[in-house]
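In: When you get a sec, could you give me coordinates for this:
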Amino acid sequence: MKNVFERALASALMELLSSCDSAPEWSVAEMLALLEHPPDAALGDYAFPCFQLARFFRKAPPAIAAELAEQWGNSDVSAHGVEQVQATGPYLNFTISPGVLADAILPAIAKGHSFDAPQVAARERVMIEFSQPNTHKGFHVGHLRNVALGDALCRIFRYNGYEVVGANYIGDVGTHIAKCLWYYESFNQDPPPEQQRGAWLGELYTKATLLLEDAPVEQRKTYQQEVREILKKLEGGDPKLDATWQETRQWSLDDFAEIYEWLGVHFDCVFFESEVDDEGKEIVLQGEQDGVFQLSEGAIGIDLEEELGFFLLLKSDGTTLYSTKDLALAKHKFDQFGIDRSIYVVGAEQTLHFKQVFATLRRMGYEQAELCHHLPYALVMLPEGKMSSRAGNVILFSQLRQKIMDSLRTQHFQARKGEWPDEEIEETCRKVAVAALKYGMLAQDPAKQIVFSMEDWLKTEGDTGTYLVYAYVRICSIVRQLGIEPSADADCSLLCHPNEKALSRRLLDFNRAVWSAGEQFKPSLLAHALYGLARDFSRAYTTCSVKHAKTEALQHARLLLFHGVAETLKQGLHLLGITPPERL
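Out: As a prediction, this is how the structure comes out:
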């Protein structure tokens, strides 16, 4: 994705090279691909590396850069907004006029024209599957990374012009449920709580797991047999146990729905593991009859050869596996939703599994398998190590939410008590809490582990969601205090200060950052761009005052600039799933 200045530079460079002997006949696209951003703004706004010209001109790249700079100055070649061209080593650097740069983006933001241009030439239908919690287990802080990643990708892909289907795949069958119901029916003496019954079921699951692990050997065998019997009854549709499963399952689903609503997360469709279990078994049995899958010692699988090995799809006793159900789920996605691309947001520990799933889908004849993508992400850790529902050393989301909301009420909004309506205080606390949590989960590259720290994520300085929210609110406050509406007709040529230009450049590059964040499956790239914008705004705020501008025209120009920053922050935060308050 290239802007007006890059396209003008590419055309001008092609014109410049056309007058040189032995020059390559590059296309505009090839020329655009070569343009870079200098590492230091003092060097210019764009750079053209001359390394690839060395084999054509048979000269050293620095000599070529120097000759091209001289030739540019002695010719009629020009490019939109370029006010200076200079050679620095092997690079030909270009500096754009600050006023022209500002005028290219600020009026468009003021008119609402800068955040609505799809970038995808052919509109693809993309399904992004994320969250995937298990019923009968507690929803903990580790699950939040998956939710934040998937929700941000849905928003980013939509912004970039894709048709997006956000999907959830809930695990509502399996041994973990049998363990939970075994403990619930055999050992639990407490009535279910009035609220957060899903989280309570998670506690029962942990108690069941610990009881099984700590029991003497013979007693453990008895317990394990009892769990197997419950699992068998569940799979066989025992009426009494099925009623208990349905009731307790709903407790978890109600908890999930309430959490998603608090986080502002929406799904276009929800799949359940229980709905694809039988179909997956039928697919595997049919595949074995068709010769796609192989029978091996009573079990059925597929030989994916040396790199991926034998992929087991159905156990010898007829029991299904995750692989069985993933094939049925993929068939639903392709056949019922007509998707072109399928993105799975699942932890990095499942990398081999998804390689095997995609390879199997290719063997089954699904062309869409080539555009299936597993987005792996690393774990969220506690300072003392890995979290585990099984071991019970997790921070439940319900506990975290209570703790962070209490902290915000007492430390940040106590002074607003009586001054603001209670409803506004509560909603503002929620928005700041969501900003802190989601940004903390998104600011890191998905491949890197996160050590969860509520205290650090709530800091109002540094690379935090709280800092970005405060930057946005500060600009809203400036506009309110001045009582002047930003105007697209302000004179952008007055915005000549380096800090003003740095902001204009950030705004111009916003769509590029969003595009890269989507295509690379890294919302962290957008998070970093927003932090850089907020940081540059803080510098400009102290050096380029709106209130104390020397002239009224300059005041209006700076107000337009800061308004552009606020609108871009708001849009960028929205793409990360964050809605900033208008005041704090």
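
In: Could you list the paired strands of the helix or strand of the chain at the bottom of the mean pLDDT ranking along with their orientation?
Out: When the helices and strands of the chain are scored by mean pLDDT, DSSP states H and E, strand 385-386 comes last with a mean of 76. When sheet partners are counted by DSSP bridges, strand 385-386 sits next to strand 380-382 (antiparallel).

In: Residues touching the partner strand, excluding its own?
Out: 141-142, 144-145, 387, 393, 395, 441, 449-452 (CB atoms under 8 Å, 6 or more residues apart in numbering). Every residue, glycine included, has its C-beta placed from N, CA and C.

In: buried ones in that strand?
Out: Neighbour-count burial for strand 380-382, counted by 16 or more other CB atoms under 10 Å, picks out 380, 382.

In: just stretch 399-409 next, same as before
Out: With burial defined by 16+ other CB under 10 Å, the residues of stretch 399-409 counted as buried are 400-401, 404-405, 407-409.

In: chain center to that stretch, what's the gap?
Out: 24 Å (CA atoms, centre = their mean, to the nearest Å).

In: circling back: buried subset of the contacts of strand 380-382?
Out: 141-142, 144-145, 387, 395, 441, 450, 452.

In: and those residues, which of them are in helices?
Out: By the criterion of DSSP state H, membership of the buried ones among the contacts of strand 380-382 in helices covers 141-142, 144-145, 441.

In: Please tabulate those residues in JSON lines, including the columns pLDDT and distance to residue 458.
Out: Written out in JSON lines, the entries for those read as follows (pLDDT from 0 to 100; distance: CB to CB, whole Å):
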{"residue": "141", "pLDDT": "88", "distance to residue 458": "14"}
{"residue": "142", "pLDDT": "86", "distance to residue 458": "19"}
{"residue": "144", "pLDDT": "95", "distance to residue 458": "15"}
{"residue": "145", "pLDDT": "96", "distance to residue 458": "18"}
{"residue": "441", "pLDDT": "96", "distance to residue 458": "14"}
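
In: quick check, nearest of those residues to residue 351?
Out: The closest of these to residue 351 turns out to be residue 145 (CB to CB; 16.1 Å).

In: Go ahead and confirm the closest one touches residue 377.
Out: Yes - A contact is recorded between residue 145 and residue 377 when judged using CB atoms under 8 Å, the distance being 6.0 Å.

In: Can you show me the strands along the stretch 51-200 of the chain?
Out: Across the stretch 51-200 of the chain, reading from the start of the chain, the strands by DSSP state E, counting those that start in this stretch fall at 82-88, 91-96, 125-129, 163-170.

In: Name the residues that touch the longest one?
Out: I take that to be strand 163-170. The set of residues that contact strand 163-170 without belonging to it, under CB under 8 Å, 6+ apart, is 123-135, 150-151, 154, 157-158, 253, 256, 266-273, 329, 333, 337, 339.

In: Could you report the pLDDT at residue 391?
Out: pLDDT for residue 391: 60.

In: from now on call the first residue 346
Out: Sure, I'll start numbering at 346, so the last one becomes residue 736.

In: residue boundaries of the helices in the stretch 546-695 of the chain?
Out: Assignment of helices within the stretch 546-695 of the chain using DSSP state H, counting those that start in this stretch yields the ranges 562-581, 584-608, 618-634, 650-653, 667-682.

In: Could you tell me the least trusted of these?
Out: helix 650-653 (a mean of 86).

In: related to what we said a few turns ago, how far does the least confident helix or strand of the chain sit from the chain's center?
Out: 23 Å.
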